[in-house]
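In: Below is the sequence, then the predicted model.
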Amino acid sequence: DQQVKQNSPSLSVQEGRISILNCDYTNSMFDYFLWYKKYPAEGPTFLISISSIKDKNEDGRFTVFLNKSAKHLSLHIVPSQPGDSAVYFCAASAGDMRFGAGTRLTVKP
Amino acid sequence: DAGVIQSPRHEVTEMGQEVTLRCKPISGHDYLFWYRQTMMRGLELLIYFNNNVPIDDSGMPEDRFSAKMPNASFSTLKIQPSEPRDSAVYFCASSLLATNTEAFFGQGTRLTVV
(Lines give C-alpha, C1' and ligand atoms only; values in the text may rest on other atoms or scores of the structure.)
Protein backbone atom coordinates (compact mmCIF):
# COMPACT_ATOMS: atom_id res chain seq x y z
CA ASP A 1 0.00 0.00 0.00
CA GLN A 2 1.91 2.99 -1.30
CA GLN A 3 0.67 5.97 0.65
CA VAL A 4 3.23 8.25 -0.96
CA LYS A 5 3.73 8.11 -4.70
CA GLN A 6 6.30 9.56 -7.02
CA ASN A 7 5.16 8.63 -10.50
CA SER A 8 8.18 9.88 -12.40
CA PRO A 9 11.16 7.59 -11.95
CA SER A 10 13.48 10.01 -13.69
CA LEU A 11 13.81 13.62 -14.81
CA SER A 12 16.46 15.29 -16.94
CA VAL A 13 16.90 19.07 -17.15
CA GLN A 14 19.45 21.50 -18.47
CA GLU A 15 21.69 23.40 -16.10
CA GLY A 16 20.15 26.74 -15.18
CA ARG A 17 16.60 25.65 -15.88
CA ILE A 18 13.92 24.75 -13.36
CA SER A 19 13.48 21.22 -12.04
CA ILE A 20 10.03 20.24 -10.81
CA LEU A 21 9.60 17.00 -8.90
CA ASN A 22 6.12 15.81 -8.01
CA CYS A 23 4.63 13.72 -5.25
CA ASP A 24 1.12 12.52 -4.39
CA TYR A 25 -0.16 11.06 -1.16
CA THR A 26 -3.31 9.26 -0.11
CA ASN A 27 -3.44 9.52 3.67
CA SER A 28 -5.16 12.72 4.83
CA MET A 29 -3.68 12.24 8.30
CA PHE A 30 -0.22 13.25 7.10
CA ASP A 31 0.65 16.61 8.64
CA TYR A 32 4.28 17.10 7.71
CA PHE A 33 5.99 16.64 4.39
CA LEU A 34 9.66 16.42 3.53
CA TRP A 35 12.02 16.06 0.62
CA TYR A 36 15.24 14.12 0.89
CA LYS A 37 18.18 13.91 -1.47
CA LYS A 38 20.23 10.77 -1.92
CA TYR A 39 23.60 10.21 -3.54
CA PRO A 40 24.86 6.70 -4.38
CA ALA A 41 26.24 4.71 -1.45
CA GLU A 42 25.01 7.29 1.04
CA GLY A 43 21.95 7.61 3.24
CA PRO A 44 19.21 10.09 2.32
CA THR A 45 19.78 13.61 3.61
CA PHE A 46 17.08 16.07 4.53
CA LEU A 47 16.53 18.88 2.07
CA ILE A 48 13.38 20.86 2.88
CA SER A 49 10.05 20.38 4.61
CA ILE A 50 6.59 21.88 4.92
CA SER A 51 3.89 21.70 7.54
CA SER A 52 0.33 20.96 6.49
CA ILE A 53 -0.75 24.41 7.68
CA LYS A 54 1.35 26.05 4.97
CA ASP A 55 1.24 25.91 1.20
CA LYS A 56 4.76 27.05 0.41
CA ASN A 57 8.20 26.93 1.95
CA GLU A 58 11.31 28.35 0.36
CA ASP A 59 14.98 27.79 1.14
CA GLY A 60 17.39 29.29 -1.31
CA ARG A 61 17.05 27.57 -4.66
CA PHE A 62 14.56 25.06 -3.26
CA THR A 63 10.82 25.64 -2.86
CA VAL A 64 8.23 23.11 -1.77
CA PHE A 65 4.57 23.63 -2.61
CA LEU A 66 1.72 21.81 -0.90
CA ASN A 67 -1.80 21.44 -2.29
CA LYS A 68 -3.77 19.72 0.44
CA SER A 69 -7.02 19.50 -1.48
CA ALA A 70 -5.26 17.64 -4.27
CA LYS A 71 -3.01 15.73 -1.85
CA HIS A 72 -0.07 16.83 -3.95
CA LEU A 73 3.28 18.41 -3.27
CA SER A 74 6.11 19.46 -5.50
CA LEU A 75 9.73 20.49 -5.19
CA HIS A 76 11.05 23.26 -7.40
CA ILE A 77 14.78 23.74 -7.88
CA VAL A 78 15.82 26.91 -9.66
CA PRO A 79 18.29 27.33 -11.11
CA SER A 80 19.24 23.67 -11.38
CA GLN A 81 22.93 22.80 -11.05
CA PRO A 82 24.86 19.65 -12.04
CA GLY A 83 25.52 19.00 -8.33
CA ASP A 84 21.77 18.62 -7.84
CA SER A 85 21.89 15.35 -9.76
CA ALA A 86 20.69 12.73 -7.27
CA VAL A 87 17.64 10.69 -6.31
CA TYR A 88 14.97 12.76 -4.59
CA PHE A 89 12.55 11.15 -2.17
CA CYS A 90 9.28 12.65 -1.04
CA ALA A 91 8.18 11.75 2.50
CA ALA A 92 5.08 12.29 4.60
CA SER A 93 4.68 11.98 8.33
CA ALA A 94 1.87 11.30 10.79
CA GLY A 95 3.98 9.87 13.56
CA ASP A 96 5.70 7.49 11.22
CA MET A 97 7.48 8.61 8.05
CA ARG A 98 6.51 7.16 4.68
CA PHE A 99 8.54 7.59 1.52
CA GLY A 100 7.87 7.47 -2.17
CA ALA A 101 9.84 5.44 -4.67
CA GLY A 102 12.10 8.34 -5.60
CA THR A 103 12.84 10.37 -8.74
CA ARG A 104 16.30 10.37 -10.27
CA LEU A 105 17.18 13.91 -11.32
CA THR A 106 19.92 14.49 -13.86
CA VAL A 107 21.06 18.05 -14.47
CA LYS A 108 23.05 18.34 -17.69
CA PRO A 109 25.77 20.98 -18.05
CA ASP B 1 27.31 13.53 17.56
CA ALA B 2 28.56 11.16 14.85
CA GLY B 3 25.11 10.71 13.39
CA VAL B 4 23.25 7.46 12.93
CA ILE B 5 25.70 4.59 12.74
CA GLN B 6 24.90 1.34 10.98
CA SER B 7 26.93 -1.82 10.77
CA PRO B 8 28.02 -3.63 8.78
CA ARG B 9 28.15 -1.49 5.63
CA HIS B 10 28.09 -4.57 3.46
CA GLU B 11 26.95 -8.11 4.20
CA VAL B 12 27.09 -11.09 1.90
CA THR B 13 25.55 -14.27 3.18
CA GLU B 14 24.28 -17.57 1.92
CA MET B 15 20.61 -18.35 1.67
CA GLY B 16 19.27 -19.82 4.89
CA GLN B 17 21.74 -18.06 7.13
CA GLU B 18 20.80 -15.63 9.87
CA VAL B 19 21.62 -11.97 9.26
CA THR B 20 21.75 -9.26 11.91
CA LEU B 21 21.91 -5.59 11.03
CA ARG B 22 22.80 -3.04 13.71
CA CYS B 23 21.98 0.58 14.32
CA LYS B 24 23.02 3.24 16.81
CA PRO B 25 20.68 6.24 16.69
CA ILE B 26 21.59 9.83 17.46
CA SER B 27 21.71 10.36 21.20
CA GLY B 28 18.50 11.89 22.53
CA HIS B 29 16.36 10.87 19.60
CA ASP B 30 13.21 9.10 20.73
CA TYR B 31 12.19 7.63 17.39
CA LEU B 32 13.99 4.98 15.37
CA PHE B 33 12.98 3.73 11.95
CA TRP B 34 14.09 0.79 9.83
CA TYR B 35 13.68 1.09 6.04
CA ARG B 36 14.44 -1.15 3.09
CA GLN B 37 15.31 0.39 -0.26
CA THR B 38 14.28 -1.42 -3.42
CA MET B 39 14.02 -0.26 -7.01
CA MET B 40 10.30 -0.89 -7.22
CA ARG B 41 9.10 0.46 -3.90
CA GLY B 42 11.73 2.99 -2.97
CA LEU B 43 12.13 3.36 0.79
CA GLU B 44 9.76 0.97 2.54
CA LEU B 45 9.11 1.53 6.22
CA LEU B 46 9.58 -1.81 7.98
CA ILE B 47 9.14 -0.88 11.63
CA TYR B 48 9.56 2.06 13.96
CA PHE B 49 10.14 2.48 17.67
CA ASN B 50 9.29 5.21 20.15
CA ASN B 51 11.29 5.19 23.38
CA ASN B 52 12.48 1.67 22.58
CA VAL B 53 8.93 0.34 22.13
CA PRO B 54 7.85 -0.97 18.71
CA ILE B 55 4.93 1.16 17.53
CA ASP B 56 4.17 -0.16 14.06
CA ASP B 57 5.67 -3.29 12.52
CA SER B 58 3.10 -3.68 9.76
CA GLY B 59 5.79 -3.15 7.15
CA MET B 60 7.82 -6.16 8.21
CA PRO B 61 7.46 -8.44 5.19
CA GLU B 62 7.41 -11.82 6.89
CA ASP B 63 7.91 -13.59 10.18
CA ARG B 64 11.49 -14.15 9.11
CA PHE B 65 12.08 -10.50 9.96
CA SER B 66 12.34 -9.28 13.53
CA ALA B 67 13.57 -6.09 15.16
CA LYS B 68 14.52 -5.18 18.69
CA MET B 69 15.57 -2.10 20.58
CA PRO B 70 16.93 -3.22 23.94
CA ASN B 71 17.98 0.30 24.91
CA ALA B 72 17.94 3.86 23.62
CA SER B 73 21.28 3.56 21.88
CA PHE B 74 20.98 0.29 19.99
CA SER B 75 18.65 -1.54 17.65
CA THR B 76 18.89 -4.69 15.55
CA LEU B 77 17.08 -6.00 12.51
CA LYS B 78 17.34 -9.74 12.11
CA ILE B 79 16.44 -11.92 9.15
CA GLN B 80 16.27 -15.64 9.80
CA PRO B 81 16.48 -17.52 7.53
CA SER B 82 17.61 -15.15 4.81
CA GLU B 83 16.51 -15.52 1.19
CA PRO B 84 17.88 -14.03 -2.07
CA ARG B 85 14.85 -11.72 -2.36
CA ASP B 86 15.91 -10.05 0.87
CA SER B 87 18.85 -8.54 -0.96
CA ALA B 88 18.52 -4.76 -0.66
CA VAL B 89 19.92 -1.75 1.14
CA TYR B 90 18.60 -1.42 4.67
CA PHE B 91 18.56 1.99 6.33
CA CYS B 92 18.13 3.01 9.91
CA ALA B 93 16.98 6.54 10.79
CA SER B 94 16.27 8.42 13.99
CA SER B 95 14.35 11.57 14.87
CA LEU B 96 13.71 13.70 17.89
CA LEU B 97 9.94 13.93 17.53
CA ALA B 98 7.14 12.01 15.88
CA THR B 99 6.43 14.76 13.38
CA ASN B 100 7.37 18.31 12.43
CA THR B 101 10.97 17.31 12.32
CA GLU B 102 13.30 15.49 9.98
CA ALA B 103 14.73 12.04 10.41
CA PHE B 104 18.45 11.47 10.10
CA PHE B 105 19.65 8.44 8.19
CA GLY B 106 22.61 6.15 8.55
CA GLN B 107 24.69 5.17 5.56
CA GLY B 108 22.84 1.90 5.15
CA THR B 109 23.75 -1.78 5.02
CA ARG B 110 23.88 -3.39 1.62
CA LEU B 111 22.74 -6.97 2.05
CA THR B 112 23.35 -9.60 -0.58
CA VAL B 113 21.94 -13.08 -0.08
CA VAL B 114 23.33 -15.65 -2.50
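Out: Yep, it's here.
In: use CA for all of it now, contacts and neighbours both
Out: Noted.
In: Now do the phi/psi pair for the closest residue to residue A:28 other than its chain neighbours.
Out: When the adjacent residues along the chain are set aside, residue A:28 lies closest to residue A:71, with 7.6 Å between them (Cα to Cα, 6 or more residues apart in numbering or on different chains). Listed backbone geometry of residue A:71 is phi 50, psi 50, with angles given as degrees, to the nearest 10.
In: Residue B:54 contacts residue B:60, correct?
Out: No - contact criterion Cα atoms under 8 Å: residue B:54 and residue B:60 do not qualify, at 11.7 Å.
In: list residues touching both of these two?
Out: Taking Cα atoms under 8 Å, 6 or more residues apart in numbering or on different chains as the contact definition, residue B:54 and residue B:60 share the neighbouring residues residue B:47.
In: Next one: residue B:19 from residue B:7, what distance?
Out: 12 Å (Cα to Cα, to the nearest Å).
In: and for the two, which residues touch both?
Out: Overlap between the neighbourhoods of residue B:19 and residue B:7 is empty, taking contacts as Cα under 8 Å, 6+ apart.
In: what helix or strand is the spatially most central residue of chain B on?
Out: The geometric centre of chain B, computed from its C-alpha atoms, lies nearest to residue B:34 (Cα atoms, centre = their mean), at 3.2 Å. When elements are defined using DSSP states H and E, residue B:34 is found to belong to strand B:31-38.
In: Report the distance from that strand to the chain centre.
Out: In this view, strand B:31-38 has its centroid 5 Å away from the chain centroid, taken as Cα atoms, centre = their mean, to the nearest Å.
In: mind listing the strands for chain B?
Out: Ranges of strands in chain B, per DSSP state E, are B:5-7, B:10-13, B:19-24, B:31-38, B:42-50, B:53-56, B:65-71, B:74-79, B:88-95, B:104-105, B:109-113.
In: Tabulate those in JSON lines, adding columns for distance to residue A:80 and mean pLDDT.
Out: As requested, these are arranged in JSON lines below (distance: least, Cα to Cα, whole Å; pLDDT from 0 to 100):
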{"stretch": "strand B:5-7", "distance to residue A:80": "31", "mean pLDDT": "97"}
{"stretch": "strand B:10-13", "distance to residue A:80": "33", "mean pLDDT": "97"}
{"stretch": "strand B:19-24", "distance to residue A:80": "35", "mean pLDDT": "98"}
{"stretch": "strand B:31-38", "distance to residue A:80": "26", "mean pLDDT": "95"}
{"stretch": "strand B:42-50", "distance to residue A:80": "24", "mean pLDDT": "94"}
{"stretch": "strand B:53-56", "distance to residue A:80": "38", "mean pLDDT": "95"}
{"stretch": "strand B:65-71", "distance to residue A:80": "40", "mean pLDDT": "97"}
{"stretch": "strand B:74-79", "distance to residue A:80": "38", "mean pLDDT": "98"}
{"stretch": "strand B:88-95", "distance to residue A:80": "28", "mean pLDDT": "97"}
{"stretch": "strand B:104-105", "distance to residue A:80": "25", "mean pLDDT": "96"}
{"stretch": "strand B:109-113", "distance to residue A:80": "30", "mean pLDDT": "97"}
